[in-house]
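S.K.: Sequence first, then the predicted structure:
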Amino acid sequence: MKFDDVAMMKLDRKVNTRISVPMLAGEIPGASVFNHTIPAGDGIHFPADAAFLRILFLCGGEAGFSSGGTAAAYNEKAVFVGSPKNAVDAAARRDSHLLEIQWLLGAADWKQIAGGGTAFPLTIRYADAVQYRDPFKSEKTISRAIIPHRVLPRFAMGSVETYGEDLIGKHEHPLLDQFFFSFPENDMDLLLDDLVYPMKGDTLVHIPLGCDHGVRVTANHCAHYLWIDFIGGEEGLAYLDEVHKETGSTRSFDGTHRR
């Protein structure tokens, strides 16, 4: 792999007016990602569209969400997923950054939704996400399953947080297409096949199917990013069953490791 082969996009976080930016359009079939910057007092209306799931992740700021008669408000990282049959309104109470992920639905996906496995809207604070362990990470690393697999059709989203020195061992998953999206404080080396790619904050990177990938964090730096999985089918779900083991506990870093 060469640097020119890495599909990535870095954001500008300045908030002066409402801006919506598509990110890495067409990179993963069926998936679309948008970044929305929303100044305080402004908002976005997302119309109902039964063609896809719309996953909204509040990266920063303070915002309220409403859909299908249910409302939620957050002043911290959080996720909100409305039913595809209902519109969603997002209103910024402070300058906010919102990541939107659209995931096309097929007939089998609608059958899963109709089976009642997920109650919409699905919403949770980042701090309350289930934590898990997997064999690639050190004991120090905090891994979160924000939207665990088997909750939404062929989709999962979580995060990884650690600080240097640390290493997330290289591994591959040919049944999961994946984006990494880094939070502002992220400063790590992304290991992609034989390439070392310095990844800073506010960056979306595509981890291609079957790519041997890992993360290295050096002293006085930290890794903090979302992973966004688009799952090929039951085999991909079974893989996540095997490697994601809930810890049954909740940890957090106190910030003293930061520069």
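M.R.: Arrived safely, thanks for sending.
S.K.: remind me which residues of the stretch 1-150 of the chain are low pLDDT?
M.R.: Counting by pLDDT under 70, the stretch 1-150 of the chain shows low-confidence ranges at 1-15.
S.K.: What is the longest helix belonging to the chain packed up against?
M.R.: With DSSP state H setting the assignment, residue counts place helix 234-243 as the longest helix in the chain. Counting contacts by 3 or more Cβ pairs under 8 Å, 6 or more residues apart in numbering; DSSP states H and E, helix 234-243 packs against strand 142-152, strand 176-182, strand 222-231. All C-beta atoms are positioned from the backbone trio N, CA, C, and that covers glycine.
S.K.: now the angle between strand 222-231 and whichever helix or strand comes after the second one, please.
M.R.: Same thing as strand 176-182. Scanning forward in sequence from strand 176-182, with DSSP states H and E defining helices and strands, the next element found is strand 188-192. Between the direction of strand 188-192 and that of strand 222-231, the angle (axes from the mean of the first three to the mean of the last three Cα atoms, to 10 degrees) works out to 40 degrees.
S.K.: okay, the following helix or strand past strand 188-192 in CSV with CA atoms only?
M.R.: Next in sequence after strand 188-192, counting helices and strands by DSSP H and E, comes strand 195-199. Once side chains and other backbone atoms are set aside, the C-alpha atoms of strand 195-199 remain, and they are given as CSV (Å, rounded to 0.1, in the frame of the first residue of the first chain):
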residue,chain,number,x,y,z
LEU,A,195,2.4,1.6,5.5
VAL,A,196,2.7,3.8,8.7
TYR,A,197,0.1,6.6,8.3
PRO,A,198,0.2,9.5,10.8
MET,A,199,-3.4,10.1,11.7
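S.K.: after strand 195-199, next one along is what?
M.R.: Scanning forward in sequence from strand 195-199 by DSSP H and E, the next helix or strand is strand 203-207.
S.K.: got the CA coordinates for the next helix or strand after that following strand in CSV?
M.R.: Of the helices and strands lying after strand 203-207 in sequence (DSSP H and E), the nearest is strand 213-217. Once non-C-alpha atoms are left out, strand 213-217 reads as follows in CSV (Å, rounded to 0.1, in the frame of the first residue of the first chain):
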residue,chain,number,x,y,z
HIS,A,213,-4.3,-2.8,10.1
GLY,A,214,-3.3,-1.7,13.6
VAL,A,215,-2.5,1.4,15.7
ARG,A,216,0.7,2.6,17.4
VAL,A,217,0.7,5.3,20.0
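S.K.: avg pLDDT for strand 213-217?
M.R.: Averaging pLDDT along strand 213-217 gives 95.
S.K.: Distance from it to the middle of the chain?
M.R.: Mean C-alpha position of strand 213-217 versus that of the full chain (Cα atoms, centre = their mean, to the nearest Å) differs by 17 Å.
S.K.: for the stretch 151-259 of the chain, which spans come out with low pLDDT?
M.R.: Judged against pLDDT under 70, the low-scoring parts of the stretch 151-259 of the chain cover residues 255-259.
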